[in-house]
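Colleague: sequence unknown, structure follows:
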């Protein structure tokens, strides 16, 4: 038995590529040509195969290391026969992976003739790949394309690579779509414009092929063609160490945004993470609909004052005082709790309390439900509140704004969020364009969204974009409360259960149905006089709903 160094073979023009995945560990038995690590450049990712069979005794690389041709990957304890078979002067195996070809497509020399008009872009030499699938498209007709700009991503069972353009110009037509199988020489796109003409090659007139790697033919093993006796192909959709399945450009995009790619759900083929997936995840985090693991870890447990420069939160052994039961909070409560803490601390909030006379409005609501009994749509007071709030927001637009640095962003749309109590915690679905909808339509949408909230089926899109929120405790009770503003909004309306109270009409006390209102507002944006006017106007609308038409 002998220890054999397994090195990075000739990987073309790549220099110091990053190790992004370890596919084996110490103690594993590996076969010749079995994939050991995955490396990545800015254009391609590839798997490095083993040059010999044996038992892994030592790993010489770790995630994030930079390697190049000749770098030692690991030490393998091989049989004497296997060890003697590899000549000392040549790397045990020179594995030329297909991505090398994709990344080393020749750039036409500056002295090349210039052509004007339609130019065909073909699939360049991508090694021994055959019928590889198109899994991503980066461009669309009308885009200005630069030389060597990535056009598509293709994937085999061992590697993913981006195919660059061999010319520059405006993309007039794309000849492939997601899921298509392509080979060397296939027509990829048609460009138009002044471009440097490429040297013709057989089967792909407009694509320059890279010079072949100077490696003995017997030593050349492509990363995608593996004999039937070797290890099973690595499934890029199911990494052994949980590495996210994404192309190099998507990885770079995620790094630039600071997105933890391992937390993003891929919706591409084989669970592949696309650029759209990264953008959707970013929007969800920014909207507070989700949290990264790092955010959750940094969130102060139990409101730890130490995180704010205050004295630490008291640590108490509650069990010494009596029996206890510990239950972890659900995911929604953890997320909403962190957002509520931030909003309560960061926003200088003030709350105005008032009452609205809804005697006539309630009578109208009851008669409306009787008339529409067969429709199955039940109108609630909250539907009228949403419509009344839209009218008040239009009259006092600063309540429909958001702070952006030292500027105010006034929104010319009216999306109203409403707090929904669910078994999993508080959720806030959004009625979009409430100004364009009638009471019956709003009531129907509220019912549908509330049911989805209870069933845990609300999408992030259905909980984002609100310009104003209503938190109603009408079905439970209470008198007044202080709701916390749902940032980046600047105000929120709290509503409690209406009660009959004696109200002086100038001559006598008469019973009137009064609705308690609690308006919380951001004092950086709104002053007390404006808040009082908003509440008073809202009460007038609820007292005489015909004002909505004015």
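Modeller: Here it is on my side, so go on. Remember, it's a predicted structure, so these values are computed and weren't measured experimentally. Numbering: from 1, shown residues only.
Colleague: report the separation between the spatially closest residue to residue 181 that is not a sequence neighbour and residue 481.
Modeller: In this structure, residue 181 finds its nearest non-sequential neighbour in residue 131, 4.2 Å apart by C-beta to C-beta, 6 or more residues apart in numbering. C-beta: built from backbone N, CA, C; applies to glycine. Distance of residue 131 to residue 481, computed by C-beta to C-beta, to the nearest Å: 64 Å.
Colleague: quick one: which of those two has more around it?
Modeller: Set residue 131 next to residue 481 and count neighbours by other C-beta atoms under 10 Å: residue 481 wins out with 15 against 10.
Colleague: which element is the closest residue to residue 257 other than its chain neighbours on?
Modeller: Nearest non-adjacent residue to residue 257, counting by C-beta to C-beta, 6+ apart: residue 282, 5.7 Å away. Under DSSP states H and E, the secondary-structure element containing residue 282 is helix 275-286.
Colleague: equivalent analysis for residue 154, please.
Modeller: Secondary structure from DSSP H and E places residue 154 in strand 150-155.
Colleague: can you spell out which helices and strands pack onto that strand?
Modeller: strand 132-137, strand 160-164, strand 187-196 (3 or more C-beta pairs under 8 Å, 6 or more residues apart in numbering; DSSP states H and E).
Colleague: repeat that with 10 Å
Modeller: strand 44-49, helix 98-103, strand 132-137, strand 160-164, strand 169-174, strand 181-182, strand 187-196, helix 248-257 (3 or more C-beta pairs under 10 Å, 6 or more residues apart in numbering; DSSP states H and E).
Colleague: coming back round to it: wait, the residue nearest to residue 257 sits on residue 264?
Modeller: Yes - taking C-beta atoms under 10 Å as the definition, residue 282 is a contact partner of residue 264 at 9.2 Å.
Colleague: which residues are in contact with each of those two?
Modeller: Residues touching both residue 282 and residue 264 by C-beta atoms under 10 Å, 6 or more residues apart in numbering: residue 254.
Colleague: comparing these two, which residue is more hemmed in?
Modeller: The residue with more neighbours, out of residue 282 and residue 264, is residue 264; 22 against 16, by other C-beta under 10 Å.
Colleague: quick one: that one and residue 246 touch, right?
Modeller: Yes - using C-beta under 10 Å, residue 264 is in contact with residue 246, at 8.2 Å.
Colleague: got the contact list for residue 497?
Modeller: 472-479, 515-516.
Colleague: where do the helices sit along this structure?
Modeller: Here the chain has its helices, by DSSP state H, at 80-85, 98-103, 248-257, 275-286, 293-298, 331-346, 359-371, 381-395, 439-454, 528-543.
Colleague: out of those helices, which is the most enclosed?
Modeller: Counting by mean count of other C-beta atoms under 10 Å, helix 98-103 has the highest mean neighbour count of the helices of the chain, with a mean of 27.
Colleague: the contacts of residue 497, buried ones only, as a ChimeraX selection?
Modeller: To isolate the buried members of the contacts of residue 497 in ChimeraX, using 16 or more other C-beta atoms under 10 Å:
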select :472,473,474,515,516
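Colleague: pick the one among the contacts of residue 497 closest to residue 16.
Modeller: Nearest to residue 16 among the contacts of residue 497, counting by C-beta to C-beta, is residue 472 at 60.1 Å.
Colleague: what would the contacts of residue 497 look like in a markdown table with distance to residue 464 and pLDDT?
Modeller: Output for the contacts of residue 497, formatted as a markdown table (distance: C-beta to C-beta, whole Å; pLDDT from 0 to 100):
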| residue | distance to residue 464 | pLDDT |
| --- | --- | --- |
| 472 | 20 | 92 |
| 473 | 24 | 88 |
| 474 | 25 | 76 |
| 475 | 25 | 75 |
| 476 | 26 | 83 |
| 477 | 30 | 79 |
| 478 | 28 | 84 |
| 479 | 32 | 88 |
| 515 | 28 | 95 |
| 516 | 29 | 95 |
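Colleague: now the contacts of residue 497 as CSV including distance to residue 504?
Modeller: Shown next, in CSV, are those (distance: C-beta to C-beta, whole Å):
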residue, distance to residue 504
472, 28
473, 27
474, 25
475, 29
476, 29
477, 25
478, 25
479, 20
515, 18
516, 18
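Colleague: out of the contacts of residue 497, list just those in strands.
Modeller: Under the assignment DSSP state E, these contribute 472, 515-516 to strands.
Colleague: ok so, going back, now do the shared contacts for residue 264 and residue 246.
Modeller: In contact with both residue 264 and residue 246: 254, 273-274, 277-278, using C-beta under 10 Å, 6+ apart.
Colleague: now for the residues you listed, which pair is the farthest apart?
Modeller: Greatest spacing in those, by C-beta to C-beta: 254 and 274 (10.8 Å).
Colleague: could you name every residue contacting both of the two?
Modeller: 246, 264.
Colleague: nearest to residue 159, of the ones in strands among the contacts of residue 497?
Modeller: residue 472 (55.6 Å).
Colleague: that closest one against residue 492, yeah?
Modeller: No - using C-beta under 10 Å, residue 472 makes no contact with residue 492, being 11.1 Å away.
Colleague: shared neighbours of those two, anything?
Modeller: Counting by C-beta under 10 Å, 6+ apart, the shared contacts of residue 472 and residue 492 are 419, 483.
Colleague: which intervals of the stretch 351-500 of the chain have sub-threshold pLDDT?
Modeller: Applying pLDDT under 70 to the stretch 351-500 of the chain flags no residue at all.
Colleague: wait, the chain
Modeller: Across the chain, residues meeting the criterion (pLDDT under 70) sit at 1, 12-14, 43, 79-116, 127-128, 157-158, 193-243, 270, 288, 296-308.
Colleague: contacting residues for the most centrally placed residue in the chain?
Modeller: The structure's the chain has its C-alpha centroid closest to residue 281; by C-alpha atoms, centre = their mean the separation is 1.5 Å. Residue 281 makes contacts with 254, 257, 259-261, 263-265, 273, 289-290, 292, 460, as judged by C-beta under 10 Å, 6+ apart.
Colleague: next, the nearest residue to residue 183 once chain neighbours are set aside: phi, psi?
Modeller: Using C-beta to C-beta, 6+ apart and skipping residues adjacent in sequence, the residue nearest residue 183 is residue 130, 5.9 Å away. Main-chain dihedrals, residue 130, degrees, to the nearest 10: phi -140, psi 130.
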